[in-house]
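Colleague: take a look and give me a structure for this.
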Amino acid sequence: MVRAEATAKYVRTSAQKAGLVCDLIRGKDVNRALSTLMFARKTVARDLAKVLRSAVANARQKEGFGGDIERLFVSAAFANQGPSQKRVRPAPMGRAFRIVKRTTHLTVEVTERPQRIKAVGEGESKTPARRARVKKAAAAE
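Modeller: Okay, here's the model as predicted:
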């Protein structure tokens, strides 16, 4: 089972906004996650898609990777808070207001799903009703 991650640091958005987009892709397979990010209406989705592609490329470079990208899924996606830039905005009557420009560190981790190997005799059962339930459960996976 191959695990790979990629990180983009100092992305100019808040961690809270980026976390909303991370929630959309967590647990999905890579192709579905990329298509979700492509149609997401948040600007940070482009940065997150770039990090996801980088994580997939890192997984392909790992020793022991089977070569099938269809088996990769997003096991973790999170946005940590980065350093904030403090700026000053002039205000009326000689005063000044502070502007905080937040940054975030995006991390995406992809993992290869384990290949399922059937045991000898698996799926064979005595009653037709049991056989139908086993077949239905296997189709749902």
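Colleague: do you know the pLDDT at residue 101?
Modeller: We have a pLDDT of 97 for residue 101.
Colleague: counting neighbours, what do you get for the nearest residue to it once chain neighbours are set aside?
Modeller: Leaving out its chain neighbours, the residue that sits closest to residue 101 by Cβ to Cβ, 6 or more residues apart in numbering is residue 85, at 4.2 Å. Where you see a C-beta, it was placed from the backbone N, CA and C, and this is true even at glycine. Using other Cβ atoms under 10 Å, residue 85 is surrounded by 12 other residues.
Colleague: residue 85 contacts residue 10, doesn't it?
Modeller: No - the criterion here is Cβ atoms under 8 Å, and residue 85 misses it with residue 10 at 9.8 Å.
Colleague: report the set of residues contacting both of the two.
Modeller: Residues touching both residue 85 and residue 10 (Cβ atoms under 8 Å, 6 or more residues apart in numbering) are residue 103.
Colleague: and the residue nearest to residue 101, how far is that from residue 99?
Modeller: Applying Cβ to Cβ, to the nearest Å, the value for residue 85 to residue 99 is 9 Å.
Colleague: and if you look at residue 92?
Modeller: With Cβ to Cβ as the criterion, residue 92 and residue 99 are 16 Å apart.
Colleague: compare the two (neighbour count), which wins?
Modeller: Just comparing residue 92 and residue 99: by other Cβ under 10 Å the higher neighbour count belongs to residue 99, 11 against 5.
Colleague: show the contacting residues for the more buried one.
Modeller: Residue 99 makes contacts with 86-89, as judged by Cβ under 8 Å, 6+ apart.
Colleague: can you pick the most crowded of the residues you listed?
Modeller: residue 87 (11 neighbours).
Colleague: what about stretch 60-78, start to end distance?
Modeller: With Cα to Cα, to the nearest Å as the measure, stretch 60-78 spans 21 Å from end to end.
Colleague: just the helices in the protein please.
Modeller: Taking DSSP state H as the test, the helices found in the chain are 15-25, 30-38, 44-61, 128-140.
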